[in-house]
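# Dropping the sequence and predicted coords here.
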Amino acid sequence: MADDGFAPWSMTTAQVLSHLDVDPKTGLTDQKVEEKRATYGYNELEKESKQSIWAMIVEQFEDTLVRILLLAAVVSFALAYFEEGAHEEGLRAFIEPLVILLILILNAGVGVWQESNAESALEALKELQTETAHVTRNGKM
């Protein structure tokens with residue numbers, strides 16, 4: 001709708017009908033409906049595109065704390081690699097960075113799972129919403 005300061009939620013029914021130039025007894029004519037659709041579009045909300053699994057995974061790593069832990073894992077890995085005597089220890093030197101990475105991967109997995117479940121629940125709630133309305137067109141209900 002054009003932004004002309006029109007706020008129907010704060011007006012009375014009579015004020016809204018007057019602003020939209022609608023007679024409450026006859027409603028809109030088919031011609032007026034087409035004109036208003038051409039001006040304002042259909043009376044529906046835009047559907048949100050579903051987020052891909054990869055986008056959800058990347059989103060899990062956008063948190064500041066997660067980035068700090070990633071940096072800690074990289075630093076820990078570098079220290080283990082360049083530390084004197086680390087080559088004799090073998091894999092034991094890399095346990096700490098591997099544990100940090102494993103925790104971050106598990107955290108991302110749980111986050112994606114929870115977000116996916118939340119989206120599914122929201123879609124189910126949207127399905128419960130009514131999608132019909134009674135209108136008066138050309139003087140008929």
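The structure has been received and is ready for your questions.
# what's around Gln31, how many residues?
9 (other CB atoms under 10 Å). All C-beta spots, glycine's among them, are computed from the backbone N, C-alpha and C.
# Over to it. Which of the three states is it?
Using DSSP: H, G, I helix; E, B strand; the rest coil, the structure places Gln31 in helix.
# Please apply the same query to Ser49.
Per three-state DSSP, the local secondary structure of Ser49 is coil.
# Any regions of the chain where pLDDT drops low?
1-4, 85-88 (pLDDT under 70).
# Just give me the residue closest to the centre of it.
The centroid of the chain falls nearest to Glu48 when counting by CA atoms, centre = their mean (7.2 Å).
# Spit out the contact partners of it.
With contacts defined as CB atoms under 8 Å, 6 or more residues apart in numbering, Glu48 has no neighbours.
# Repeat that for Val22.
Neighbour list for Val22: Leu28 [criterion: CB under 8 Å, 6+ apart].
# repeat that with 10 Å
When contacts are counted by CB atoms under 10 Å, 6 or more residues apart in numbering, Val22 touches 16, 28, 32, 36, 136.
# Identify the residues contacting the fourth one.
Contacts for Lys36 (CB under 10 Å, 6+ apart) come out as 1, 20-22, 28, 42-43.
# Point out the other helices and strands that the longest helix anywhere in the chain packs with.
Longest helix of the chain, by residue count under DSSP state H: helix 95-128. Applying 3 or more CB pairs under 10 Å, 6 or more residues apart in numbering; DSSP states H and E, one finds that helix 95-128 contacts helix 53-60, helix 64-82.
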